[in-house]
Each structure stands twice: as structure tokens, then as C-alpha cells.
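>>> task: produce atomic coordinates for the following.
(chains A and B)
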Amino acid sequence: MFGKGAKRKLDEDEEGLEGKALASAVASVSYTLQRQTIFNISLMKLYSQRPLGEPSLERRVLINNMLRRIQDELKQEGSLRPLLLPPSPPPDDPMDEGFREAPPSFGVLSATAAGVLLAESRCAEVRPMDALPALPPGVLVDITSSPSSPPSSSSPSGFLSDLALDDVLFADIDTSMYDFDPCTTAGAVGALPPVVTADDLLKSLASPYSGPAPQVSANQPFKIDLTELDHIMEVLVGS
Amino acid sequence: ISGAVQGAGGDMQWCLSQAKGSLDDDVTEADIISTLEFNHTGELLATGDKGGRIVIFQQEIENKRQPQYRSEYNVYSTFQSHEPEFDYLKSLEIEEKINKIRWIPQKNAAHFLLSTNDKTIKLWKISERDKRPEGYNLKEEDGRYRDPSTVTSLRVPVFRPMDLMVEASPRKVFANAHTYHINSVSVNSDNETYLSADDLRINLWHLEITDRSFNIVDIKPANMEELTEVITAAEFHPHQCNTFVYSSSKGTIRMCDMRASALCDKHSKMFEEPEDPSNRSFFSEIISSISDVKFSHSGRYMMTRDYLSVKIWDLNMESKPVETYQVHEYLRSKLCSLYENDCIFDKFECCWNGNDSMVMTGSYNNFFRMFDRDHRWDVTLEASRENSKPFQVIKPRKVCAGGKRKKDEISVDSLDFNKKILHTAWHPQDSIIVVATTNNLYIFQDKMN
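Next up is the predicted model:
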């Protein structure tokens, strides 16, 4: 005769754990997705040209506060780590001058959907490009002409001087993450990123649990060939 | 009518009395109404627009005897208050848009009001002329001087009636005192002084003196890069001439006593409600920014408007408001889109009714909301010519937040966010309300059977 059909306890626990972990993974990723979106929107708002008159000081202050909060959060999270692996020890003191330059840009890159696991390997590749030629602040920031930053203000970029220029630039080429997927046709930087749904993320995140390596794997550092590197440099330098 | 008893909000039946303004869907930028203010008796209603003009409407007195026509307002005076200017130093245009109008309590036959744009406050005198001198000795009627050789007799001019003429003349110009944009003007109960507030500073003026003002609040940091908070509104207490409040973009209200010190950087009270952790989001700070602060007529309470709610504060309790009313809570899940399209920065105003029993504020889709404090009742109404015929009671509206939409309900996604009601006003003594859509003015009255 068949038994009552009670499930094995061990299985239940396993499923429960998996379910919770996946749910929180999805929640975390959607949080970082939203944060990234808001960060980008905020940057665009601050840097886009307003047609007439002076922009509202209150609006700029609120947007600036938003950017700072997100930036602080990213700094606190440090360099990226894959969501499901044990957290690596936090990076060195964020007050360290040298540190200040790097992580915000990586934070921006990493907080995209497909990039979570790629980020660490990507970091290694991108690091050499870190030293950007300094663009005149006026190119990016139109709040230099803002009347609300009085002449006594030290930096022409107003209250965003602690936001590294890299952030702005890297924010623009965010979508290049998708272009480096070895499974898509090689590197058209202008190509539209594939729409990444929560389901896709789940599949890529599921890799530690399932056996074979998925399309996107933390173990395979992908290769950037020289032409693509050149192309990126061109975009950054704006030539 | 001034003694009319205002019934409970639930008993009120609002009818459209008049709709003023262009019927065009195409809005001329200059016609956009930017401020609205009744005078102390409610006889006059002043509106300011983006083009720097002020239009004053006057209540038809004859109609006051017939209750159903008591809210007829007709144009009394129109004048250009401010002109666009150019700041050559910063290479920027100074908008002529009227940010605020405040009436001075009436002392004689003439009416006085303060109007302000971003930088300059002006005191205007509005006076009536209904007689003119006729029969000059040396002048013809048209003003030309007579040939002296033809003057053979002496006569003294006599005042004769003429058609009513309303003249507006600028009496004082209070300029060059604000580096940042003026958001508020408030006349003190002493009737001699007033305050003006911009993003970072509040100045105190004497109504008679234009070349001097006293800075009473300054929150500008030494290093502008450290700026995280701005002043959003300020108002004098209606009875205590030493007390005023100012609100901030972080959702705080500070009350200051001018007797304590010349520079009121230290507040005597700070009103702030701790954040509800369950509602925390990226946009918490932005939606907490206070867009308007208004004392009750009694002076016991003050009301603040933030993006999603109206709060009533008891001046004796700083820790939290005594009442909170949700204006459009259904927008909470849409904050990201509203941030993207800038609607989250819309500055809604709010107002009290004459006896402080009800408050009103605007929303989107030309909806506005009324809250009855005593009976815990609220209603959503719409300012629309299509949906209201004069003297017909207007129907309450309902927004469906999600799930199945009932008949007559409108879903959140169908709301028109370009149709916003930022300015509303309540007659100080009667149940007459005025609501400004983008370029139209709607006057409603309570049917009062």
C-alpha cells in the first residue's frame, strides 16, 4: 500500500531554503535595478540643459541628495560581490583618497541586471581604463552658470564635485555590459541591450545550484579584444 | 451672508458658479495662473499669472442678497505687476511670474497688496475713482491750456461723478534683497512689517521702507557644496507678531521668536514627524518636502502640504501632527515615474475654510480634495467645464487604485498629470471656493438650501 505521501523533511527544508534565497536574490537585484535607474535618471536631470531661466534650487538640492545617498550606499557595499556567494570582507576604508576614484564607477557598472556576477571579472579588465583624461568640468555641468552657486563656491561643478567624472561617463556606457556577453555577436557598443527579465536573472543566479556552466559564468573571465578597448576609449574621451 | 453657518462637509453640495479663462485646450504660457488670494473680507480675489499680470475680481454686492448668486465675481482691475528682467551678471532671465500675492488689511478706502516674483516685491495701491474735477479756470475739458487772453472770469472746478475707474499704482518697490528665488511673502499682524523668504534666507521689511531689510534667517552653508536643505515656505503667526514659521525641503517646520535674537537661526520649536519605516523608499525625502505652510485662522494650528498628504499640527506638539490626510496615496507606487517626469516636484498649496473646520488642496487630473476635520469626512471633486453645468451640484469623483474599476471611477493610469491644481482658495467668511487649473479659474459655492 502507498504511504500517506508525506514529503521527506529534508527535501522540504532544501526547497524552502532555495525558495527564500531566490526570492531575496530577486528582491536584491530589483532593488539594485531600481537604484541604478534612479541614479541614471538623477544624473540626467542634473546635467540636462534647461531652456530658460534658472532651474529651481530646491529641485537640484533634492536630486543631488538622491545621488549622494545612492553613491554612499554603493560605497558602503564596496566592490561588487555576487549575491549568493558568502560576502567578501568589506573593502578598505572608503575615506582613503585613492579608493574614492574607483568604486563609484564600478558601483554604477555593477548594479545592472546581468552584471552582478560579471562585475568582479569585469573590474579586473576595466581597471586599466580608470585613468581618464580630465575633461573640463564645464563640458558636463551646466550648473556652473547657475546663479545659486555664488562666486565664492570653490569648485565649478557646484555640489557634485565629489562625484567622480568617471561616474557620469560610465553611466553612459552602462549598456556595454550586455555587449560583452560572449554569446552575442561581438561588441557593437551601440547595440540595444537584451531585455533582462527577473526570470533570466534567476536562471543565471541558479548556476551555483545547477551543474553545467550557464551562458554567463563567474568562472570565465571574458576577453576584451583590443579593438573594443579602443572603441571604449573613444567613447570616453569623446573624440 | 457673512454670518452663514457652514454645515458639515458631508452636507455640503458644491455647485459651479463661474469658470473664467480661455476655453482653448492650448494654453498660452503667460496665462498660467501662478497664485491666488482672497482679501480679508472675501470681497476681492486676486490672481497672478506667469506673464506677470495681476487680475483682481470683485464680488457682486447686489447679488449677496440672493444666496444662489452670491459667488459672482467680475473683473475689478487688471495690471502688469512685474516685467521680465535680465540679470547681466549671471546671464540669466528673471521671470516675471507672480509667485505670491498677499493683501494688506484695509485701513482706508484704497486696497493694498504685496506681489512678488523671484526677486522683487512690490506694494500696489488699488483705488477707485468715481468723481473727477470739471470746470478748470485755465484748461479746456480735454486738458489743453486756454489762451490766457480769452480768460475773462474766475471759476472753481467742481467734482462731478464719472464712470468708476479702478487704478493700480505701484507705491513701493522692495528690490535687491534676495539672491535666491522668493517663495513666500507674509504680512505681520502688526500691519507694519512683513517677511519675504527665498530658498536660503528670510528677510524682514517695514512696509514703508524700501532701502533696508533685516535678515532674520540664513541657512546658507559656508560651502555651498554642503547644501542639503532649503527653505520652502514661511508665514507669520496670525496674532503673535513676534512669531513666524518656515518649512524645509526635508519636511521640517521651524518656529522662530523674533524677540529671542536678531538672527533667528535658532528655532524655538521644530516640528517633524519621524518617518514611517514601512513606507521608506528612494523618494522618501523628496515627498516629505513641504510645499506650503498655513496657520489656521485661530492661530492654534498650522497645516503643511507635502507631496502625498496634508498634515495639521498643534503648535504645542512638535513630535507629530495631530491629523494627517492622504491626498492621493495611490501615487505612492508611481513615484519613480513621477520623479522621471518631474511631477514629484510639483508644489501644491493648501487652505483653510473660514472657521478652520475644513481644509482643501489640489491634485492631478483637475481634481481637488476637501477634508472635514470635525467629521473625519473627505471628498474628491473635479474642476471641469465639461462635467459641470452652472448651479448644478457637482459629483464626487473616485480614483481606483487597483483591481476592478467600478463604473464612474477613474483608474490611476488614466489620470492626466498635466492637469494639476496647485492653487486653491477659500472665502474667509462664506462657503465659496476658488480653484485654479492651468489657465482657468473655477468658482464653486455651496448650494445651502
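>>> what does the helix or strand where residue B:254 lies rub up against?
In the assignment (DSSP states H and E), residue B:254 maps to strand B:253-257. Defining contact as Cβ atoms under 8 Å, 6 or more residues apart in numbering or on different chains, one finds that strand B:253-257 is touched by B:216-217, B:242-248, B:264, B:266-272, B:290, B:293, B:302, B:304, B:313, B:315. All C-beta spots, glycine's among them, are computed from the backbone N, C-alpha and C.
>>> can you tell me the helix or strand for residue B:410?
For residue B:410, the host element (DSSP H and E) is strand B:409-411.
>>> and that strand, average pLDDT?
Mean pLDDT, strand B:409-411: 92.
>>> then stretch B:53-69?
Stretch B:53-69 carries an average pLDDT of 83.
>>> give the buried residues for it.
B:53, B:54, B:55, B:56, B:57, B:58, B:59, B:64, B:67 (16 or more other Cβ atoms under 10 Å in any protein chain shown).
>>> residue contacts, the nearest residue to residue B:22 once chain neighbours are set aside?
Of all residues not flanking residue B:22 in the chain, residue B:439 sits nearest, at 5.9 Å (Cβ to Cβ, 6 or more residues apart in numbering or on different chains). Residues near residue B:439 by Cβ under 8 Å, 6+ apart: B:21, B:22, B:27, B:28, B:31, B:32, B:33.
>>> which of those fall within strands?
By the criterion of DSSP state E, membership of the contacts of residue B:439 in strands covers B:21, B:33.
>>> and which of the contacts of residue B:439 is nearest to residue B:443?
Distance to residue B:443 across these (Cβ to Cβ) is lowest for residue B:21, with 11.2 Å.
>>> how near is the nearest residue to the closest one once chain neighbours are set aside to residue A:60?
Nearest residue to residue B:21, sequence neighbours excluded (Cβ to Cβ, 6+ apart): residue B:440, at 3.6 Å. From residue B:440 across to residue A:60, the span is 31 Å (Cβ to Cβ, to the nearest Å).
>>> same question, residue B:174
Residue B:174 is 26 Å from residue A:60, where distance means Cβ to Cβ.
>>> ok, and the closest non-adjacent residue to residue B:167?
residue B:127 (5.7 Å).
>>> just to revisit the earlier point, higher neighbour count, residue B:174 and residue A:60?
residue B:174 (25 against 22; other Cβ atoms under 10 Å in any protein chain shown).
>>> show me the shaky parts of chain B.
B:1-7, B:63-65, B:449 (pLDDT under 70).
>>> which residues are there in it that come within reach of chain A?
Residues of chain B lying close to chain A (Cβ under 8 Å from any Cβ of the partner chain) are B:87, B:90-95, B:118, B:179-181, B:199-200, B:223-230, B:232, B:249, B:282, B:285-286, B:289, B:336, B:339-340, B:342, B:345.
>>> sort out for me which of those residues are in strands.
Counting by DSSP E, the residues of chain B next to chain A place B:87, B:92, B:93, B:94, B:232 in strands.
>>> for PyMOL, what selects the buried ones among those residues?
The buried subset of those, as determined by 16+ other Cβ under 10 Å, is captured in PyMOL by this line:
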select buried, chain B and resi 92+94+232
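>>> go ahead and confirm residue B:266 touches residue B:218.
No - judged on Cβ atoms under 8 Å, residue B:266 makes no contact with residue B:218 at a distance of 11.9 Å.
>>> rewinding a little: the helix or strand following the strand holding residue B:254 pairs with which strands, parallel or anti?
The helix or strand immediately downstream of strand B:253-257 is strand B:269-271, counting by DSSP H and E. Here strand B:269-271 is paired, per DSSP bridges, with strand B:253-257 (antiparallel).
>>> could you dump the partner strand to PDB, C-alpha only?
What follows is strand B:253-257, C-alpha atoms only, in PDB (Å, rounded to 0.1, in the frame of the first residue of the first chain):
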ATOM      1  CA  ILE B 253       8.900  73.200  10.200                       C
ATOM      2  CA  ARG B 254      10.800  75.600  12.400                       C
ATOM      3  CA  MET B 255       9.000  78.200  14.600                       C
ATOM      4  CA  CYS B 256      11.000  81.200  15.500                       C
ATOM      5  CA  ASP B 257      10.500  84.000  18.000                       C
END
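>>> what's the offset of that strand from the middle of its chain?
On the basis of Cα atoms, centre = their mean, to the nearest Å, strand B:253-257 sits 21 Å off its chain's mean C-alpha point.
>>> before we move on, what about stretch B:220-238?
Centre to centre, stretch against its chain (Cα atoms, centre = their mean), the figure for stretch B:220-238 is 21 Å.
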